[in-house]
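1. Quick one: sequence plus predicted model below, questions after.
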Amino acid sequence: MNDYDALRDYLMRQKQTEFVLSFEQIEEIIGAALPRAAHRASWWDSLRSPDIQMPQREACLAAGFVATRMPDGQSVRFRKQPSQRRR
């Protein structure tokens with residue numbers, strides 16, 4: 001399932017080390033609606049349960065970012081991980 005390849009590609013082009021995207025912006029990037037599960041903070045947590053494959057998490061990590069849902073429940077903070085730059 002590669003629904004989040006467009007998100008990975010978008011993140012890879014970013015020069016900022018940290019930024020926030022609204023769910024609407026993410027939906028525009030991926031060209032589809034996010035699932036209801038995206039409203040849960042755990043769905044975006046890049047560091048939680050690394051043994052469970054989650055396509056949105058894999059996309060973020062592949063681009064060198066960790067994602068955290070913001071307290072507003074409508075946006076996500078993406079933060080560049082320096083150790084991920086080794087490719």
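-> Happy to help now that I have it.

2. in this protein, which spans are strands?
-> Secondary structure of the chain (DSSP state E): strands located at 18-22, 65-69, 75-80.

3. Residues touching the helix or strand of the chain with the lowest mean pLDDT, excluding its own?
-> The weakest-scoring helix or strand in the chain, judged by mean pLDDT, DSSP states H and E, is helix 41-44 (a mean of 85). With contact meaning CB atoms under 8 Å, 6 or more residues apart in numbering, helix 41-44 is reached by 35, 37, 38, 48, 54, 56, 57, 67, 68, 69, 76. In short, each C-beta sits where N, CA and C put it, glycine included.

4. out of those residues, which are buried?
-> 38, 54, 56, 57, 67, 68, 69, 76 (16 or more other CB atoms under 10 Å).

5. Between those, which sits nearest residue 21?
-> residue 76 (5.7 Å; CB to CB).

6. That closest one contacts residue 23, correct?
-> Yes: assessed by CB atoms under 8 Å, residue 76 is found in contact with residue 23 at 7.4 Å.

7. Please report how far residue 26 lies from residue 82.
-> 23 Å (CB to CB, to the nearest Å).

8. In terms of packing, which of the two has more residues around it?
-> residue 26 (23 against 8; other CB atoms under 10 Å).

9. How many residues are close by residue 61?
-> With other CB under 10 Å as criterion, residue 61 counts 19.

10. now residue 71
-> 8.
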